[in-house]
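[1] Structure for this input, please:
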Amino acid sequence: MHDFEALLFSDVSRFSIAFSLRRSTTAAIGLAITFGVMGVINMAHGEMVMLGAYTTFIVQQTMRAYAPDSALLDYSLVIAVPLAFLITGFVGILIERGIIRFLYGRPLDTLLATWGLSLVLQQAVRTAFGPTNKDVSSPSWMSGSFDLGHITITYSRLWIVLFTLLVFVLLLMGPVFSSGAITIEREQRTLAGLLTSLLTAPQIWWGKFVAALLYLLLLLTSAIPLLALSFAFGGVGPLDLVKAIGSTILTLASICTIGLWCSATFRRSVHATASCYAIVLVLTIVTAISFGMLYAHWQQSHPEDMGPPAYIQAPLFLNPLYPLLTLTDDNGFRFYVYSTSSWLLFAALGCLAAAFAMRRLRRSGEQL
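    Below you'll find the predicted structure:
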């Protein structure tokens, strides 16, 4: 049981690293804001992120050179983060005053100008620092470990898990955006207009589904800057990253379909939202309790086995957190995780909820 607890925490923290490595999404948000507010296509946006990273590297190297034995080195990240904002902001002002302000209203021209600028910045950094990667070490207050019962928890992994908890809190907002999507139309007396229009029931459902899912993805990506500190703690393989992102999107989509079914079934938003939360709690808590009871009984008769078989893990196949275990590196336990079964069940649950929601919409249209 102790080994299983240690593996479980290791898997959750490893998933946290994978989930927090979506740097391209953070850059995409900045590009969207720049284009939406200024009408500028900034092809040098990634190079601005690069300047902030090299600012952190320079601050740490300067402290190592002039105060190698000072305790101030542990707070290099605290000094480097605001300094990176100031330096990249100053460079951005220079770019705007020297290049961009002459190109407002011509987005294609800004694309070409900033693309050329990105090449200049890349070559300048390559000339100054060389083509090899540069390391930024973690401070001591993010290093070390402590014992919690029979589990050894490193401070770095604890930081990552705490940041990831913020993301899972946002996942709980899924019923808010999906379960009221159709009931709000009914309460505002606009659902009849939708059902009698040229739109079919599946088209209405898809519109509501995509809108709810995009809201959730936007909320998740907005938390990524808080997870950026985990970049200093190490990375994961590309396959682990694909698994983490794919599992998260599949879970979000399933929650959205359940919320839309509740929204199509009930007449009031409060009833639909409460029902959707009840289903999510059943999938998250009741399945975990059921697995715990089965696992405790199984372990008494199989004390030397490393992992529970499929029929013991069956209640967890519908638990949104179960796919986290697929990221384990322990070969002795990884073979006991049936990720494909969980993904297929989540996909089947989503399709079933979607079919029932569309059927309910069709019947509402026929009654008009």
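
[2] Just give the number of residues close to S254.
    The number of residues packed around S254, counting by other CB atoms under 10 Å, is 25. Any C-beta I mention is one placed from the backbone N, CA and C, and that applies to glycine too.

[3] Apart from its chain neighbours, what residue comes closest to it?
    Distance criterion CB to CB, 6 or more residues apart in numbering; nearest residue to S254, sequence neighbours excluded, is G350 at 4.3 Å.

[4] Just the buried residues of the helix or strand containing that neighbour, please?
    Following DSSP states H and E, one finds G350 within helix 339-366. Going by neighbour count (16 or more other CB atoms under 10 Å), the buried part of helix 339-366 is 339, 341-343, 345-346, 349-350, 353-354, 356-358, 360-362, 364-365.

[5] repeat for stretch 180-188
    Buried residues in stretch 180-188, counted by 16+ other CB under 10 Å: 180-186.

[6] likewise stretch 117-134?
    Buried-residue list, stretch 117-134, by 16+ other CB under 10 Å: 117-118, 121, 125.

[7] In this structure S275 contacts C262, no?
    Yes - counting by CB atoms under 8 Å, S275 touches C262, with 4.6 Å between them.

[8] These two: which has the busier surroundings?
    C262 (28 against 19).

[9] hmm, back to that, now render the buried residues of stretch 180-188 as CSV, adding pLDDT, secondary structure and distance to L83.
    Listed next are the buried residues of stretch 180-188 as CSV, based on pLDDT from 0 to 100; DSSP: H, G, I helix; E, B strand; the rest coil; distance: CB to CB, whole Å:
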residue, pLDDT, secondary structure, distance to L83
G180, 81, coil, 44
A181, 84, coil, 45
I182, 86, coil, 50
T183, 85, helix, 50
I184, 83, helix, 47
E185, 83, helix, 50
R186, 83, helix, 54
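
[10] Relative to L217, which of those is nearest.
    A181 (15.6 Å; CB to CB).

[11] what's the closest one in contact with, if anything?
    Contact analysis of A181 by CB atoms under 8 Å, 6 or more residues apart in numbering lists 208, 211-212, 259-260, 263.

[12] Kindly recompute the last result at 10 Å.
    Shown in contact with A181 (CB atoms under 10 Å, 6 or more residues apart in numbering): 204-205, 207-209, 211-212, 215, 256, 259-260, 262-264, 269, 272, 357.

[13] Check whether L112 sits in a helix, strand or coil.
    Assigned with DSSP: H, G, I helix; E, B strand; the rest coil, L112 falls in the helix class.

[14] For T287, what is the enclosing helix or strand?
    In this assignment (DSSP H and E), T287 forms part of helix 287-301.

[15] just checking, next helix/strand downstream of that helix?
    Using DSSP H and E, the next helix or strand after helix 287-301 towards the C-terminus is helix 310-313.

[16] For that following helix, list every residue counted as buried.
    Those would be 312-313, for helix 310-313 by 16+ other CB under 10 Å.
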